[in-house]
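Trainee: Sharing a model that was predicted from the sequence below.
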Amino acid sequence: MTDVTDAPEATTAPAAPAAPTQTFADFPVHPDIVGALADAGIVTPFPIQSMTMPVALGGHDIIGQAKTGTGKTLGFGVPMLNRVVAPGDDGFETLAAPGKPQALAVAPTRELAVQVSGDLERAGARRGIRVLTVYGGRAYEPQIDALRRGVEVVVGTPGRLIDLAQQGHLQLGHARTVVLDEADEMLDLGFLPDVERILAMTPAARQTMLFSATMPGAVVTLARRYMNQPTHIRAMSEDDGSDRATVLAIEQLVYRAHAMDKVEMLARMLQAEGRGLTIVFTRTKRTAAKVADDLGSRGFAAAPLHGDLGQGAREQALRAFRSGKVDVLVATDVAARGIDVTNVTHVVNYQCPEDEKTYLHRTGRTGRAGNTGIAVTFVDWDDLHRWALINKALDLGIPEPQETYSSSPHFYADLGIPEGAKGRLPRSQQTRAGLEAEVVEDLGETGKSAGRGRGGHGGGRGGDRGDRGERGDRGERGDRGERGRGGERSGAAHGESAEGGDRPRRRRNRRRTRGGKPADGQA
């Protein structure tokens, strides 16, 4: 038996040094931008950012293609801010027009514009870069006042940008950098003519960066016409090349559900173990408001988000959701376009999406930036044919959803719902502050009325070109009189006002006449 102490020492090969983690400081970026990002806990770039910045920082035009939720905002935002001459910089006063926008970012929806603007403000905070967000639904005066005082970066939706430019308040002749974010969505929403008009207002020698999740022919044509030898950067894995890009990191659960049982199923599902923030998607505004009300009456902290709400109410709902005062957002497809909220663990398609593209946009609200998520889809009997097309297009492997009820054992098992959970949240678990705890900001809205609270209908749609950004509501067929799907009818059909209020319908006194004279002895 050999004594262990006399045995020769085992030799191990030295471990290869780990490759150093790349940081924003490794790029030729202004130290104050790097520091501002570090203040926000952002140190390591995502792949799309690492691939984009070396090219963009050199001033070259870029076509960036990446699936939603990959962090492309800073991919164009950091180079954009790096080119800006800030008010405190040497040479600011010698600019041809100090205080006029030096950079422009165009987004298809209000919510995306607000998100992009917030990221840019955070990254440019130390340099004192002024970022202005412009979009419909807000009063013109604060935006005009900000432009008069001077801004370096403008982020906005096409309609409001054109309005301000036509009125002479927004001058884009000094914008050295222009970004088109979610270009495919802008074209889907009919903004191509507006985008072309905006580009025509900017210098020909500008740097143009276009970002899009997909590259349809219209986007390629736009790039060829308005970009100068762009570099195409495609930050996708091999699997991402298909339409399953957003699906891979998400667990898909599909149930054939009865319309009268859906709210009960949803309420029980919301008590699942480990559930975090949840977005519930509906096809119509009316359904979104009703489901939010139903969940609220069952003890859940839920808020609606749809096109009939005024901009103040919409931003109230988003702030409450981001801060955790509410943990369930019931939204129409407008919310699927560009909203980036961290820690969304579940997405529920309360009504089956129209097509596979809508399905990807909805489910893409979870499983973002390397995280995983769960997508649950309720399919009515009438929607089985629609689901079959979605399943085939995305190759999900669920051609026939299993018939499921709120009491089905497999429903509890699939989602980790505690045994004994019912369709009402126990009072002991009702710990969130709720939507009412979030103040509604007075935006001086341009619509006819401001949305009020849960389920309120309001302005933000009337008389403002910027509201064309809300044609994300095209996904909700209810915008054309919510009739048809699920037997829902528009408010007008029930005597509600055009603004969605509850004013009673005016009664008409009708007279029968015979030969031009009152009949039956009527006066």
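Mentor: Structure received. Just so it is clear, the structure is predicted and the values come from calculations on it, not from any experiment.
Trainee: how far is stretch 204-211 from where the chain is centred?
Mentor: Put simply, stretch 204-211 sits 23 Å off its chain's centre (Cα atoms, centre = their mean, to the nearest Å).
Trainee: which parts of that stretch are buried?
Mentor: Arg206, Gln207, Thr208, Met209, Leu210, Phe211 (16 or more other Cβ atoms under 10 Å). Every residue, glycine included, has its C-beta placed from N, CA and C.
Trainee: quick one: least confident of these?
Mentor: Taken together, those show their lowest pLDDT at Phe211, with 90.
Trainee: dump the residue contacts of that residue.
Mentor: Ile63, Gly64, Gln65, Ala66, Lys72, Gly75, Phe76, Val179, Leu180, Asp181, Glu182, Ala183 (Cβ atoms under 8 Å, 6 or more residues apart in numbering).
Trainee: Same check on Thr372?
Mentor: Ala249, Ile250, Glu251.
Trainee: cool, Pro54 as well?
Mentor: Phe27.
Trainee: Then Ile374?
Mentor: Here Ile374 is in contact with Ile250, Glu251, Leu253, Thr345, His346, Val347, Thr366, Leu415 (criterion: Cβ under 8 Å, 6+ apart).
Trainee: ok so Pro399 is a strand residue?
Mentor: No: using DSSP: H, G, I helix; E, B strand; the rest coil, the assignment for Pro399 is coil, not a strand.
Trainee: correct me, but it touches Leu389?
Mentor: No: between Pro399 and Leu389 there is no contact under Cβ atoms under 8 Å: 10.5 Å.
Trainee: so what's Glu419 scoring on pLDDT?
Mentor: pLDDT, Glu419: 92.
Trainee: What sits closest to it if chain neighbours are left out?
Mentor: Tyr412 (6.7 Å; Cβ to Cβ, 6 or more residues apart in numbering).
Trainee: I'd like the distance from the helix or strand containing the one you found to the chain centre, please.
Mentor: Taking DSSP states H and E as the definition, Tyr412 sits inside helix 409-415. Here helix 409-415 shows a centroid-to-chain-centroid distance of 30 Å under the convention Cα atoms, centre = their mean.
Trainee: got it, and stretch 285-300?
Mentor: 21 Å.
Trainee: pLDDT value on Arg512, please?
Mentor: 55.
Trainee: Please identify the helix or strand for the residue lying closest to Lys100 once chain neighbours are set aside.
Mentor: Spatial nearest neighbour of Lys100, excluding adjacent residues (Cβ to Cβ, 6+ apart): His174 at 4.7 Å. Using DSSP H and E, His174 maps to neither a helix nor a strand.
Trainee: can you tell me which residues contact His174?
Mentor: Leu95, Ala96, Ala97, Lys100, Pro101, Gln102, Pro203.
Trainee: Report the separation between Pro193 and Arg206.
Mentor: 19 Å (Cβ to Cβ, to the nearest Å).
Trainee: for Ala259, same thing?
Mentor: Taken as Cβ to Cβ, the span from Ala259 to Arg206 is 52 Å.
Trainee: go on, Ile198?
Mentor: 11 Å.
Trainee: what touches both of the two?
Mentor: Val178.
Trainee: quick one: which of the contacts of His174 is nearest to Thr44?
Mentor: Gln102 (27.8 Å; Cβ to Cβ).
Trainee: Much appreciated, bye for now.
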